[in-house]
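Participant: Predicted model and sequence follow; I will ask about them next.
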Amino acid sequence: MVWKITLVTTLILHLISLGGGQNIDPGVLLKSNFPPARPSDNNLKAICLYGNGRPRYPAAHFPSSSYAYARRAGKAVNRLEQWFSQCCYGGLAYGNRQILCCAEQAWETTLSRFCIEEYSTMTLVHECCEKKGVERWKCFESRAPNPFYRPLSGYRAPIIPPGRIFTWDPNTC
């Protein structure tokens, strides 16, 4: 199943790179990447090593109207990948324990902001956003299509302009 998702995502990204991206449903782009998996001991190495090999979703990949959910989800993935980079290489954390704690905080903060953005619209919200506390995190975690943060073969993420800087609180670890 994972190889099928990877193959479809690779094909879609290749079509986009050839200029055909505007004809592809942006929601399809996210099916192999959203929601992102919770950082853990099992995927931390991949989170840090393969960040540039996982898809990003520049605004230009979306039509100028509609697809609001896909835009919000893509923005969340872009934000999280940027924050993971800060945790892994930005000097925020040192050692696997601290890096994992930082990545977990980035994940929860990203998905919290995603849910706030979901509730600010007049559309149905993501089902996980309707849950509270630990149940929300379990919901997102259980729906992650790429729990091991596998990169796409031959893919190189485009540079996304930096957004908000992530503020990590090491005292919560």
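Facilitator: Now that the structure is in, tell me what you want to look at.
Participant: how about W137, what does it touch?
Facilitator: Under the criterion of Cβ atoms under 8 Å, 6 or more residues apart in numbering, the neighbours of W137 are R38, E108, L111. In short, each C-beta sits where N, CA and C put it, glycine included.
Participant: So which bits of stretch 127-139 are buried?
Facilitator: By neighbour count on 16 or more other Cβ atoms under 10 Å, the buried set for stretch 127-139 is C128, C129, R136, W137, C139.
Participant: about what we covered before: now, which of the contacts of W137 sits nearest S66?
Facilitator: Of all those, S66 sits closest to L111, with 23.1 Å by Cβ to Cβ.
Participant: residues near the closest one, how many?
Facilitator: By other Cβ atoms under 10 Å, the residues close to L111 number 23.
Participant: what's the answer for the one 10 residues further on, then?
Facilitator: Neighbours of T121 under the rule other Cβ under 10 Å: 11.
Participant: Any regions of the protein where pLDDT drops low?
Facilitator: Within the chain, the stretches with pLDDT under 70 are 1-30, 65, 92-93.
Participant: which residue is nearest the middle of this protein?
Facilitator: V77 (2.5 Å; Cα atoms, centre = their mean).
Participant: Tell me which helix or strand that one sits in.
Facilitator: Assigned by DSSP states H and E, V77 falls within helix 68-89.
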